[in-house]
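>>> Give me coordinates for this.
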Amino acid sequence: MAARWLLPLLLPTAAIAQEIPLPVDKTTILAREGVTYVVEGRQSIGWGTTVTVQRGVKIVGRPESVLVVEGTFQVRGIAGSEVILEDVRIEPAERFEEVRLDTVLFLGGHVKAAEKPVAGRIIVENTDFGTGVPFDVAMTGGAIDFLNSTFMEPVRIRGVPPEGKRCTLKLNLNGCFYNFAARRKESQRNAHSGFEKGLFLTGVPDALVRNCRMAGDRTEFVDCEKLTFDGNRVNSVEIVFKQTQPGRFKDTKLQKSDIYTTKVVFEAPVGKQRDQVPVDKCWFGGLTRREEIAEKVIRDGDDDPECGVVVVFRKILDRPLDLAGKTN
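The predicted structure follows:
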């Protein structure tokens, strides 16, 4: 009888406790598993403030809500008890300390700083950016690390030099080829995604793209001063490597990758002499002769006299390496 008498008193408190405004005004750790925190309106995490979200927590964004990060926003789930971000719009401030998403299911919303270039550090690890969650940033400096994550919408990253200075953005994209959430299900243990609707890098001075899967209609690298493309799987309909000034391909390396597409494009204006891009230890859908690959897959200066770059084949593989997953 005592338990029945207490139940009506306990229910309202429990219901209220399940949905709490997201606290951002001071350094805090949100560790109440099963609780939902709400972003309403435009909220800001100030410089020097750290908000840490731990496993099993859910954060929901209301319509038109934005979470501006100037300080540090750390989200740390664990496998089987991921943090869920639902309709959360994260916008890094012009200068910010860190955005870290580790073991997160991102369902609706975005990470976006495209209108005004920003500088800081972004780390995404073991995280699914679901359908309708784009990643779109322009940065003057700092670093972006993507590790073991998947993106169901286009990923766009632009390096923008601050006035009178060089852009210092450094990119490390590694192991992005599987769908983290799907692999939890026994029936989908081999589900692969990666950059499902393409990866678009522009003006990034230093980029490492390793053991990732490129899908979608198009993948594009434009004016990337130093680019190492290593161990990847290219399922995009088209992949483009482009420089808008002559002589800028000297630090571009393509190696140990499985090329499933039949359209790999290299573009650059003609300079005093043509750039040469080495392509080493790659697999081209079973084609093994240089002449056949050049004719059926590669578009470069050998096809267009106004193009200032040509591919130089080194070792061609007769079987895929599968460094970015075996599922086609």
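>>> For E64, give me the pLDDT.
Per-residue pLDDT puts E64 at 89.
>>> so how far is A294 from the spatially closest residue to it that is not a sequence neighbour?
Counting by Cβ to Cβ, 6 or more residues apart in numbering, E64 lies nearest to G41, which is 7.6 Å off, once chain neighbours are set aside. (Each C-beta comes from the backbone N, C-alpha and C, glycine too.) Applying Cβ to Cβ, to the nearest Å, the value for G41 to A294 is 57 Å.
>>> Which one of these two is surrounded by more residues?
Set G41 next to A294 and count neighbours by other Cβ atoms under 10 Å: A294 wins out with 17 against 8.
>>> For F200, see how far away the closest residue to V237 other than its chain neighbours is.
Counting by Cβ to Cβ, 6+ apart, V237 lies nearest to D217, which is 4.9 Å off, once chain neighbours are set aside. Distance, D217 to F200, by Cβ to Cβ: 11 Å.
>>> Looking at these two, which one has more neighbours?
Shown here are D217 and F200; by other Cβ under 10 Å, F200 has more neighbours (19 against 10).
>>> so what's that one scoring on pLDDT?
So F200 comes in at 98 (pLDDT).
>>> is it in a bridge, and if so with what?
For F200, the beta-bridge partners are R156, E220 (DSSP bridges).
>>> what's the first-to-last distance across stretch 246-256?
End-to-end distance of stretch 246-256: 26 Å, with Cα to Cα, to the nearest Å as the criterion.
>>> cool, stretch 310-324 as well?
So stretch 310-324: terminal residues 26 Å apart, Cα to Cα.
>>> One more: stretch 193-207?
One end of stretch 193-207 sits 21 Å from the other (Cα to Cα).
>>> if we look at the regular element (helix or strand) spanning V53, which residues are touching it?
Applying DSSP states H and E as the criterion places V53 in strand 50-54. Contact partners of strand 50-54, identified using Cβ atoms under 8 Å, 6 or more residues apart in numbering, comprise 22-24, 27-31, 33, 37, 45, 59, 71-77, 83.
>>> do stretch 118-127 as well
With Cβ under 8 Å, 6+ apart, stretch 118-127 has contacts from 79, 92-106, 111, 135, 137-150, 180.
>>> Report the backbone C-alpha coordinates of that stretch in CSV.
The C-alpha trace of stretch 118-127 is given here as CSV (Å, rounded to 0.1, in the frame of the first residue of the first chain):
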residue,chain,number,x,y,z
VAL,A,118,36.7,29.6,-38.0
ALA,A,119,39.8,28.2,-36.2
GLY,A,120,40.0,25.4,-33.6
ARG,A,121,40.1,21.6,-33.3
ILE,A,122,37.4,19.1,-34.3
ILE,A,123,37.6,15.4,-33.5
VAL,A,124,35.0,12.9,-34.7
GLU,A,125,35.6,9.3,-33.7
ASN,A,126,33.4,6.1,-33.9
THR,A,127,30.4,8.4,-34.8
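>>> still on that earlier bit, check contacts around the residue nearest to V237.
By Cβ under 8 Å, 6+ apart, the neighbours of D217 are K197, G198, S236, V237, E238.
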